[in-house]
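In: coords please:
(chains A, B, C and D)
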Protein chains: 2
Amino acid sequence: MSAERRPDLAAMLFPLGRALVALEEPILAEHDLGMWAYAVLAGLGDGPVRTQAALAEAIGADKSRVIAVLDDLQARELIERRPDPADRRVRLVSLTPAGRRLRDRVQDAIQHAEQRYLEVLPAGDREAFLRSLRTLARAVRAGRRTS
Amino acid sequence: MSAERRPDLAAMLFPLGRALVALEEPILAEHDLGMWAYAVLAGLGDGPVRTQAALAEAIGADKSRVIAVLDDLQARELIERRPDPADRRVRLVSLTPAGRRLRDRVQDAIQHAEQRYLEVLPAGDREAFLRSLRTLARAVRAGRRTS
DNA sequence: GCGCATCATAGGCTCATGCTTACTGATTCA
DNA sequence: TGAATCAGTAAGCATGAGCCTATGATGCGC
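Out: Just a heads-up that it's a prediction; the model follows:
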C-alpha cells in the first residue's frame, strides 16, 4: 500500500468533465444557450454586478470572446449592461429578472441531470465528494490570483 | 436546505482540470512528452498489449491523431509496435522497459505535484474524493460503451 | 492641461481538436 | 475466387480557443 497506483487526477477529471458537458449540452440547446452564455448567467449569480473583464476572468473565458456573448444576451434582454456612473469606462453587468428566471430554470435542469451520475456514489462519499470539489475549485481560483 | 445552491459540477470540474493540466505541463516538458504521448504511456500501463484503435478510444483521442504520437514514441524506443501474428491487420502496442521506466518516473512526479492540491482536503474527505473520482470515471467509461 | 493607465471592443493569427474521406493491406465469409 | 469488412495510415477541413495588437473613450496622477 506504500505506492498506491491510482490514475492521475487529470486523467480521471477530464473524461468526467467531458461527460458532464455532454450532459449539459442538450439542456442548454433547449434554451438557445451556448456554454459561454450559460457560464455568464451562472457567473453573474454570485455577485450582484461587476465589470466585464472581471466577469470574463471569473468564468475562465477570454475577454474578447465574452463580448459577443454579452451582446447576444443583452439583445435577448437576459442581462443589462449599463455604464457605471462612478467610472464611465466600465459597464455594470447584471441579470434582468428574465435572465434570473432562465438561469434558475436551466440550473435546476442541469443539476437534476447530474444526479444520475452522483447516484452511483454512496451517500457519505457523495457529500464528501461535493464538499471536496468546492474546496478544490476555490483553491484553484485562489491559486490563479496569487501566482 | 431543500434547494442547496451549489455550482454545477462541470463549472467546478473544468477549472480544476485546467489547473491540473497546467501542473502537468512543465513536468511533461522536462521529459519531452506531450499530453497525448503521456496519455498513451499511462494508458498502456493498464493492459499489457492492445490494438491501436482500442488504445485511442481508451484515452479519448481520435484514431488518426494518435498515429503521429505512436510514431514518435516508437522512434524513441519507448513503445513497441509489432504486427499481431494471429491477425496481421492489428498492431500490438506495448511499452518497452525504457518506456515503462519513463512512465513511472513521470507519473511519480505528477502525483507528487498533485499532492499540493489534495493537501487542502481533510484526510477523510481526500480518501472519499479519490474513491468517488475513480467510481465516476469508471461510470463514464461504462456509459460511453452502452450509449 | 498632459501623459499614462484602464476598460470595452474589434480583428487577426495560430494551434489543437473533431470529423471526414480515401487508400492500402489483411481477414472473413459467401 | 470474389466481395465485404476491418485496422492502420494519411490528408484535409471547419471549428473554437487562446493570445496578441490596435483603437476609442474615459479616468487619474503629475
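In: Now do A:Val106 against A:Gly17, distance only.
Out: Distance of A:Val106 to A:Gly17, computed by CB to CB, to the nearest Å: 18 Å. All C-beta spots, glycine's among them, are computed from the backbone N, C-alpha and C.
In: State whether A:Ala86 is indeed within a helix.
Out: No. Counting by DSSP: H, G, I helix; E, B strand; the rest coil, A:Ala86 is not part of a helix but coil.
In: In contact with the residue nearest to the spatial centre of chain A, which residues are there?
Out: Centroid-nearest residue in chain A: A:Ala39, 4.2 Å away (criterion: CA atoms, centre = their mean). Applying CB atoms under 8 Å, 6 or more residues apart in numbering or on different chains to A:Ala39 gives the contacts A:Ile59, A:Gly60, A:Ala61, B:Ala11.
In: before we move on, which element is it in?
Out: helix A:35-46 (DSSP states H and E).
In: packing partners for whatever helix or strand comes next after that helix?
Out: On the C-terminal side of helix A:35-46, the nearest following helix or strand under DSSP H and E is helix A:52-58. On a contact count with 3 or more CB pairs under 8 Å, 6 or more residues apart in numbering or on different chains; DSSP states H and E, helix A:52-58 meets helix A:35-46, helix A:63-75, strand A:91-95.
In: Is there proximity between the last one and chain B?
Out: The reference is to strand A:91-95. No. Strand A:91-95 lies apart from chain B when judged by CB under 8 Å from any CB of the partner chain; the minimum separation is 14.5 Å.
In: and that strand, what does it pack onto?
Out: Using 3+ CB pairs under 8 Å, 6+ apart: strand A:91-95 touches helix A:35-46, helix A:52-58, strand A:79-83.
In: what does that strand contact?
Out: So strand A:91-95 is contacted by A:41, A:44-45, A:48-52, A:55, A:70, A:78-84, A:103 (CB under 8 Å, 6+ apart).
In: Now do that strand and strand A:79-83, the angle between them.
Out: 160 degrees (axes from the mean of the first three to the mean of the last three CA atoms, to 10 degrees).
In: is DNA strand D contacted by strand A:91-95?
Out: No. Interface with DNA strand D: strand A:91-95 contributes nothing (CB under 7 Å from any atom of the strand), its closest point being 11.0 Å away.
In: swap in stretch A:73-90?
Out: Yes. Shown here: stretch A:73-90 in contact with DNA strand D (CB under 7 Å from any atom of the strand) through A:Asp87, A:Arg88, A:Arg89.
In: Measure how buried the last one is and give me the count.
Out: To tie it back to what came earlier, the one meant is A:Arg89. Around A:Arg89 there are 7 other residues, counting by other CB atoms under 10 Å in any protein chain shown.
In: What is the three-state secondary structure of it?
Out: Once three-state DSSP is applied, A:Arg89 turns out coil.
In: Can you check my assumption that A:Leu121 lies in a strand?
Out: No. Read with three-state DSSP, A:Leu121 is coil and lies in no strand.
In: leaving aside the residues next to it on the chain, what's closest to it?
Out: Of all residues not flanking A:Leu121 in the chain, B:Ser132 sits nearest, at 5.2 Å (CB to CB, 6 or more residues apart in numbering or on different chains).
In: Now the host helix or strand of that neighbour: buried residues?
Out: Taking DSSP H and E as the definition, one finds B:Ser132 inside helix B:123-146. Of all the residues in helix B:123-146, those buried under the rule 16 or more other CB atoms under 10 Å in any protein chain shown are B:125-126, B:128-133, B:135-137, B:139-140.
In: now swap in stretch A:45-54 and tell me
Out: For stretch A:45-54, by 16+ other CB under 10 Å, it's A:Gly45, A:Arg50, A:Gln52.
In: so where is chain A shaky, pLDDT-wise?
Out: Where chain A drops to pLDDT under 70, the residues are A:1-4, A:46-48, A:144-147.
In: where does it come near DNA strand C, residue by residue?
Out: A:51-53, A:63-64, A:67-68, A:70-71, A:81, A:89-91.
In: Check these and tell me the two furthest apart.
Out: A:Ala68 and A:Arg89 (20.1 Å; CB to CB).
In: would you turn the contacts of A:Ala39 into CSV with secondary structure and neighbour count?
Out: Formatted as CSV, the contacts of A:Ala39 follow (DSSP: H, G, I helix; E, B strand; the rest coil; neighbours: other CB atoms under 10 Å in any protein chain shown):
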residue, secondary structure, neighbour count
A:Ile59, coil, 21
A:Gly60, coil, 16
A:Ala61, coil, 17
B:Ala11, helix, 21
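In: Tell me the buried residues in stretch A:15-32?
Out: For stretch A:15-32, the neighbour count (16+ other CB under 10 Å) marks A:Pro15, A:Leu16, A:Gly17, A:Arg18, A:Ala19, A:Leu20, A:Leu23, A:Glu24, A:Ile27, A:Leu28 as buried.
In: Having no further points to raise, I will conclude here.
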